[in-house]
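>>> need the 3D shape of this:
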Amino acid sequence: MAKNRSAKPAQGLRGSKAGLVLSLGSSALAVIRASKQVRRAKGTHDKLNTADAVAGMLPLITSAALVLRQLRGRKRENPEAA
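Next up is the predicted model:
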């Protein structure tokens, strides 16, 4: 079973735009991988595995949404740097 990990900005890039973009990219890849897991579970018609895969996607989606919100907030604070 795959481990679900929330994406976090790289240590040296924490809080920077590059770190947030990197975090968003890794979150997106994790969501893609988890969605493939959901499709596989649905293909076997195993409701418990499907529920587990869907529940595993929720923190990843939340993490991506938080990073997007941070990026949008930065853009609003400093529009000329965007």
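
>>> now do the strands in the protein.
Counting by DSSP state E, the chain forms no strands at all.

>>> biggest helix in it by residues?
When the chain is parsed with DSSP state H, its longest helix is helix 47-77.

>>> list the buried residues for that helix?
49-50, 53, 56-57, 59-60, 63-64, 66-67, 70-71, 74 (16 or more other Cβ atoms under 10 Å). Backbone N, C-alpha and C define where each C-beta goes, glycine included.

>>> mind putting the residues you listed into JSON lines with pLDDT?
Listed next are the buried residues of helix 47-77 as JSON lines, based on pLDDT from 0 to 100:
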{"residue": "N49", "pLDDT": "88"}
{"residue": "T50", "pLDDT": "87"}
{"residue": "A53", "pLDDT": "87"}
{"residue": "G56", "pLDDT": "87"}
{"residue": "M57", "pLDDT": "87"}
{"residue": "P59", "pLDDT": "88"}
{"residue": "L60", "pLDDT": "85"}
{"residue": "S63", "pLDDT": "84"}
{"residue": "A64", "pLDDT": "81"}
{"residue": "L66", "pLDDT": "85"}
{"residue": "V67", "pLDDT": "82"}
{"residue": "Q70", "pLDDT": "84"}
{"residue": "L71", "pLDDT": "81"}
{"residue": "R74", "pLDDT": "76"}
